[in-house]
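K.L.:
Predicted model and sequence below, questions to follow.
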Amino acid sequence: ATIHSAYTELITTENRENLHKNITFFKAEIIKNGLTGADFSFMRGFLVVGSLVAFAALIFGAISGFHMGLWFSVAMIGLSAGYILYDTSNVMRHYRTDQHVAAALALFASVALMFWYMIQLLLALQGRD
């Protein structure tokens, strides 16, 4: 099975609707962050602790052979959503206009993390994990 055939099989109408809902939600969060100018810098501590817990769980899973599964994917989607909000706030407040590449990479990393775990979640829901 090629990546394309796995992708087209994975993206059913129901899954496509769920992806659109998630994308719409996070677009709304980013727009809200942009319009209100909310400062999400308070999230840094929670995100660091969440990342350390996730990393420890991954190491434990790799050593013991334990499969992370559905709930880990859900938790990582939540963590990446927090990172998107934090990074968006950070870009707006702390990056200069000549740091556009660094700002784009910071946001891309958060979105890519979410995309990866959304795919993992869809695979788990289809029983193909």
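P.N.:
Perfect, I can see it now. Residues are numbered from 1 along each chain as shown.

K.L.:
What does the pLDDT read for the most centrally placed residue in the chain?
P.N.:
Closest residue to the average C-alpha location of the chain: residue 114 at 2.1 Å, with C-alpha atoms, centre = their mean. Looking at residue 114, its pLDDT stands at 88.

K.L.:
That one reaches residue 82, doesn't it?
P.N.:
No. Look at residue 114 against residue 82 with C-beta atoms under 8 Å: they stay out of range, at 10.1 Å. Just so you know, the C-beta spots here come from the backbone N, C-alpha and C atoms, and that holds for glycine as well.

K.L.:
State the distance from the spatially closest residue to the residue nearest to the centre of the chain that is not a sequence neighbour to residue 86.
P.N.:
Take residue 114 and drop its neighbours on the chain: the residue closest to it by C-beta to C-beta, 6 or more residues apart in numbering is residue 80, 3.8 Å away. Using C-beta to C-beta, to the nearest Å, one gets 10 Å for the distance from residue 80 to residue 86.

K.L.:
Pull out the buried positions in the helix or strand where the residue nearest to the centre of the chain lies.
P.N.:
Element membership for residue 114 (DSSP states H and E) is helix 100-125. Neighbour-count burial for helix 100-125, counted by 16 or more other C-beta atoms under 10 Å, picks out 103, 106-107, 110-111, 113-114, 117-122, 124.

K.L.:
can you tell me the helix or strand for residue 44?
P.N.:
Once you assign secondary structure using DSSP H and E, residue 44 falls within helix 44-64.
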